[in-house]
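K.L.:
Sequence unavailable; structure follows:
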DNA sequence: GTCACTCAAAAGTGTTATCTTTGAAATGCG
DNA sequence: CGCATTTCAAAGATAACACTTTTGAGTGAC
């Protein structure tokens, strides 16, 4: 029986489940499905043309993110945003794709401002010598790209620099932010919130942070990192 | 008359799925199931005496936390800790219940030190007037309980104080930490890392933070909160 | 005899369909 | 109003089939 049910496999990673999850995740995080809205599995399986099993474990996943709660007889209830697991990378991605992305960017940026100085201090204490060397190298590249005005390469290197710091911090909760930091930096450049030419003070601060980490000086690393973030802070009107 | 049909409601929420999830979550986060270990659905459904349906969506949930990855023909592979979604409250709970809980406490505490000053600044900008008043009240209670040496009430009030600050910060990523902050504070007291009598400076700093927030002074709130966290910081040897 | 290539079987998850059980809400009856 | 009954929708079980890698056995060329 030739089942002409050919699933198109080129949609990234296919996965029936993934498509449904993304659709619902985006619908909820964008507010299109407002809190309190009740859904049922039957509805969903008809709407997405999937089996009960797929519908069921999609909802299980959304439930562990606290986007919905499933109760007997009631169905599946969309939860209030205050209950969401807003650190789930997938959820962050959905929110960054939604019309409300600006909220997500400013939250993320404020989080960066809070965390990165301490992460730098941690790196000064606990980074491996390889990481220290790599950081120094990245700071040098950063200056080169910055002075050359190569914004694209500058961004890539800047992302690598900040990610490496959180991953070297010795705190796995800081390290787990690396993907989100990359998103925030990318978003900043895309939204044109980045100066055309990185300021000299910013480049110096990056270099000082790398140096302080290399020399194992936590206090200096923390201070330098605060300076690095100062311009982000003023951009967010936090001063 | 009393139909002894009473289901005890305090078991969390019963749920076959929940029991299996907790068991596996604890086994993985405690390191009992080491990274790279391969499991199969058949094994699991036999071991837990559940159907494939339940086994499957349990694994789906663990997969979204990145505790495991499931691949065709291979089975279900326990992932390396560096890939875990360490901000998932459930995962944090498992880790706090595991023998390695100290790592989790220090990570959490370092995160608090990073975030709370900025959260206080945010609260000074964006808290509602009700929240500002409530904070002032909590600071006063805190002083009363502290001076009376009532550690139990002090802890409860301290938790309420810190939670209220992150929830008033206007940043949902800060607000989402409130449960974890409560756990960290509780743990600190339980582990006897708390001075018997809260220091005067700490009480003053709490009061100054509340006042700065009430008056809408972000800079002062941030500074006062840093002082509040100073003793935590020295306890963690971060100075 | 060894290397490389092909192809088929096996192992395990992915997906669907259908059924029974259970719990909670709504309803109706006294 | 209070209690039992009904009803709805998720929770869970079971069985079958589809899809994908891995493994390895067989085959041929050198």
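P.N.:
Sure, I can see it. Bear in mind that the values here come from a model prediction, so they are computed numbers and not experimental data.
K.L.:
What residues sit buried inside stretch A:17-29?
P.N.:
By 16 or more other C-beta atoms under 10 Å in any protein chain shown, the buried positions in stretch A:17-29 come out as A:17, A:19-22, A:24-29. Using the backbone N, CA and C atoms, a C-beta is placed for each residue, glycine as well.
K.L.:
do it and DNA strand D meet at all?
P.N.:
No: judged by C-beta under 7 Å from any atom of the strand, stretch A:17-29 makes no contact with DNA strand D; its nearest approach is 13.3 Å.
K.L.:
Measure how far that stretch is from the centre of its chain, please.
P.N.:
18 Å (C-alpha atoms, centre = their mean, to the nearest Å).
K.L.:
next one: stretch A:189-206
P.N.:
Using C-alpha atoms, centre = their mean, the offset of stretch A:189-206 from its chain centre is 20 Å.
K.L.:
Would you mark the buried spots in that stretch?
P.N.:
Buried residues in stretch A:189-206 (16+ other C-beta under 10 Å): A:194, A:198, A:202-203, A:205-206.
K.L.:
Sketch out the low-pLDDT regions of chain A for me.
P.N.:
Low-confidence segments of chain A (pLDDT under 70): A:1-14, A:192-196.
K.L.:
In chain A, which residue sits closest to DNA strand C?
P.N.:
Going by C-beta to the nearest atom of the strand, DNA strand C is nearest to residue A:53 of chain A, at 2.9 Å.
K.L.:
To which secondary structure element is the closest residue to that residue other than its chain neighbours assigned?
P.N.:
Ranked by C-beta to C-beta, 6 or more residues apart in numbering or on different chains and with sequence neighbours excluded, the top spatial neighbour of residue A:53 is residue B:53, at 6.8 Å. For residue B:53, the element it lies in under DSSP states H and E is helix B:52-64.
K.L.:
That helix to helix A:52-64, inter-axis angle?
P.N.:
40 degrees (axes from the mean of the first three to the mean of the last three C-alpha atoms, to 10 degrees).
K.L.:
tell me, how many neighbours does the residue nearest to residue A:53 end up with?
P.N.:
Residue B:53: 14 surrounding residues under other C-beta atoms under 10 Å in any protein chain shown.
K.L.:
same check, this time on residue A:233
P.N.:
The number of residues near residue A:233, taken as other C-beta under 10 Å, comes to 16.
K.L.:
residue contacts, it?
P.N.:
Residues in contact with residue A:233 (C-beta atoms under 8 Å, 6 or more residues apart in numbering or on different chains) are A:113, A:239.
K.L.:
so how far is residue A:152 from it?
P.N.:
25 Å (C-beta to C-beta, to the nearest Å).
K.L.:
Once you drop chain neighbours, what's closest to residue A:228?
P.N.:
residue A:205 (4.4 Å).
K.L.:
That neighbour: helix or strand, and which one exactly?
P.N.:
Counting by DSSP H and E, residue A:205 is found in helix A:200-214.
K.L.:
Can you spell out which helices and strands pack onto that helix?
P.N.:
For helix A:200-214, the packing partners by 3 or more C-beta pairs under 8 Å, 6 or more residues apart in numbering or on different chains; DSSP states H and E come out as helix A:101-126, helix A:129-148, helix A:151-168, helix A:218-235.
K.L.:
can you do 6 Å?
P.N.:
helix A:101-126, helix A:129-148, helix A:218-235 (3 or more C-beta pairs under 6 Å, 6 or more residues apart in numbering or on different chains; DSSP states H and E).
K.L.:
Could you list the buried residues of the shortest one?
P.N.:
Spelled out, it's helix A:218-235. Of the residues in helix A:218-235, A:218, A:220-233 count as buried by neighbour count, 16+ other C-beta under 10 Å.
K.L.:
now the longest one
P.N.:
Within helix A:101-126, the residues that count as buried by 16+ other C-beta under 10 Å are A:101, A:104-125.
K.L.:
Are that helix and chain B in contact anywhere?
P.N.:
Yes: applying C-beta under 6 Å from any C-beta of the partner chain, one finds helix A:101-126 touching chain B at A:107, A:110-111, A:114-115, A:118.
K.L.:
Also stretch A:77-88?
P.N.:
Yes: between stretch A:77-88 and chain B, judged by C-beta under 6 Å from any C-beta, the touching residues are A:86-87.
K.L.:
and residue A:64, what does it touch?
P.N.:
Contacts for residue A:64 (C-beta atoms under 6 Å, 6 or more residues apart in numbering or on different chains) come out as residue B:61.
K.L.:
what do you get for residue A:39?
P.N.:
A:75-76.
K.L.:
likewise the one 4 residues further on?
P.N.:
With contacts defined as C-beta under 6 Å, 6+ apart, residue A:43 has no neighbours.
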